[in-house]
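*Asks:* Pasting the sequence and the predicted model now:
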Amino acid sequence: MDTLHQELKGFIIETMNLEDITPAEIGDDTLLFAEDGLGLDSIDALELVLALKKKYGIVLEANDDKSREHLRSVATLAALISESRG
């Protein structure tokens, strides 16, 4: 799972153009959409959802509580991807 976490951290940095952040600076449980986390916003969420669909085949529905929970952190995204891979 650590490999997937590292992969996702790099993926998020690249997708969101977070040039000032390294994967080591993102904790597995760092909140992606919070001021005390990465501080991503709703437009970032759309971009991230589209990129996740393209790279991992993950489909997340807009305005769905489960989707929000999956987008909470690197750890929750990794769990979703692992689950979808079976």
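*Replies:* Looks like it arrived, so ask away.
*Asks:* pLDDT weak spots in the protein?
*Replies:* 1 (pLDDT under 70).
*Asks:* where exactly do the helices run in it?
*Replies:* Using DSSP state H, the helices found in the chain span residues 2-15, 42-56, 65-70, 74-85.
*Asks:* I'd like those laid out as CSV, including mean neighbour count and distance to Asp36.
*Replies:* From N, CA and C alone the C-beta is placed, and that goes for glycine too. Conversion of the helices of the chain to CSV gives the following (neighbours: other C-beta atoms under 10 Å; distance: least, C-beta to C-beta, whole Å):
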stretch, mean neighbour count, distance to Asp36
helix 2-15, 16, 17
helix 42-56, 15, 16
helix 65-70, 13, 17
helix 74-85, 16, 15
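*Asks:* want to try a markdown table for those helices, with distance to Leu32 as columns?
*Replies:* Converted to a markdown table, those look like this (distance: least, C-beta to C-beta, whole Å):
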| stretch | distance to Leu32 |
| --- | --- |
| helix 2-15 | 7 |
| helix 42-56 | 8 |
| helix 65-70 | 10 |
| helix 74-85 | 8 |
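*Asks:* who wins for proximity to Leu31 among those?
*Replies:* Comparison of the helices of the chain against Leu31 by C-beta to C-beta identifies helix 74-85 as nearest, at 10.0 Å.
*Asks:* which residues are in contact with the closest one?
*Replies:* With C-beta atoms under 8 Å, 6 or more residues apart in numbering as the test, helix 74-85 has contacts from 1, 4-5, 8-9, 12, 26-30, 32, 52, 56-58, 69-71.
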